[in-house]
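> Need coordinates for the following:
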Amino acid sequence: MYTDLIFDLYGTLVDIHTDENALVWEKTALYFGFYGAHFTGEELRTAFAAAMARREAQAGQSYECFPDIPFEQVMAQLFREQGVADADALGVNAAQLFRIASIEYIRLYPGVKEALATLRGKGYRLWLLSNAQRVFTAYELRHLGLGGEFDGIYISSDYGCRKPDVRFFRALLEERRLAPEACLMIGNDRETDIAGAQAAGLATLYMHTNLTPSHQAIANPRKRGRHREFEGYDWKKLVKKF
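Next up is the predicted model:
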């Protein structure tokens with residue numbers, strides 16, 4: 001029925017926990033200070049939030065518009081505003097330092113790589129469509145051994161918009177000339193992965209995992225048709241349904 005499977009990343013294939021706490025901001029502020037841009041941790045947090053908010057306002061924010069601003073660009077802006085040279089490179093480094101310091105764990109859900117290999121063997125094309133920052137995610141994919149598992153990787157910060165914005169889904173569909181009716185979106189968030197995919201004309205498979213927002217309903221595995229649901233993240237069990 002489907003030729004193309006489109007996967008969310010975090011909460012669907014990857015189990016991760018981050019904590020962007022005060023200590024993470026203090027460590028990142030220390031890095032800024034090494035290069036002459038002096039902040040306390042709280043000052044850096046506040047300046048970053050304000051700069052991000054200004055950029056999002058310029059990009060536009062409405063029911064159908066969900067901008068995604070590259071994290072490293074905002075970090076670079078904060079260096080540049082204090083007259084620091086080589087701000088772009090330092091912004092990348094600061095963004096990656098911040099991410100690494102915030103990660104408590106990152107790992108694949110059990111059976112993910114085997115499931116992807118099985119699905120590839122069944123003839124499906126595999127795509128990644130993730131609300132994420134390339135400055136983090138490209139390296140995390142490599143670390144997890146997922147960098148070569150997909151026919152194409154789409155990261156929201158590259159496109160300036162994020163799920164559920166239908167523009168992000170259409171970027172994949174149009175660039176790869178995929179027929180929406182032949183695609184199945186697999187994700188763990190009803191409000192981003194599932195609602196956005198359905199608005200773009202895709203079939204969906206909702207996975208209710210440990211990273212699904214707590215207010216969202218559990219899955220109903222008895223649902224059939226173009227919009228199915230699965231409870232949990234047992235990829236060994238799930239792959240048998242394809």
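
> and residue 28, what element?
Assigned by DSSP states H and E, residue 28 falls within helix 22-34.

> neighbouring contacts of that helix?
Defining contact as CB atoms under 8 Å, 6 or more residues apart in numbering, one finds that helix 22-34 is touched by 38-45, 78-79, 93-94, 97-98, 101-102. For the C-beta atoms, the positions are set from N, CA and C on the backbone; glycine is no exception.

> Run the angle between the following helix or strand past that helix and helix 22-34 for me.
Downstream of helix 22-34, the next assigned helix or strand under DSSP H and E is helix 41-59. Using axes from the mean of the first three to the mean of the last three CA atoms, to 10 degrees, the inter-axis angle of helix 41-59 relative to helix 22-34 is 90 degrees.

> Buried residues in the helix or strand that helix 41-59 is followed by, which are they?
Using DSSP H and E, the helix or strand that follows helix 41-59 in sequence is helix 71-81. Across helix 71-81, burial judged by 16 or more other CB atoms under 10 Å covers 71, 72, 73, 74, 75, 76, 77, 78, 79, 80.

> Stretch 84-95 too?
84, 87, 90, 91, 92, 93, 94, 95.

> mind listing which of these are in helices?
Among the buried residues of stretch 84-95, the ones falling in helices (DSSP state H) are 87, 90, 91, 92, 93, 94, 95.

> Go through the helix or strand bottoming out on mean pLDDT in the chain and flag the buried ones.
The weakest-scoring helix or strand in the chain, judged by mean pLDDT, DSSP states H and E, is helix 41-59 (a mean of 91). Using 16+ other CB under 10 Å as the test for burial, helix 41-59 gives 41, 44, 45, 47, 48, 51.

> Return the residues in contact with the fourth one.
Neighbouring residues of residue 47 by CB under 8 Å, 6+ apart: 39, 78.

> ok, now the last one?
Contacts for residue 51 were tallied using CB under 8 Å, 6+ apart; they are 74, 77, 78.

> would TSV of the residues you listed with pLDDT and distance to residue 20 be doable?
Putting the contacts of residue 51 into TSV (pLDDT from 0 to 100; distance: CB to CB, whole Å) gives the following:
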residue	pLDDT	distance to residue 20
74	96	14
77	97	19
78	98	16
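
> nearest to residue 152, of those?
Nearest to residue 152 among the contacts of residue 51: residue 74, at 26.7 Å, using CB to CB.

> Can you tell me which of the ones in helices among the buried residues of stretch 84-95 is closest to residue 118?
Closest to residue 118 out of these is residue 95 (35.0 Å), distances taken as CB to CB.

> May I see the buried residues of helix 71-81 arranged in TSV, with distance to residue 240 as well?
Formatted as TSV, the buried residues of helix 71-81 follow (distance: CB to CB, whole Å):
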residue	distance to residue 240
71	38
72	41
73	43
74	44
75	44
76	47
77	49
78	49
79	51
80	53
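
> Sounds good, over and out.
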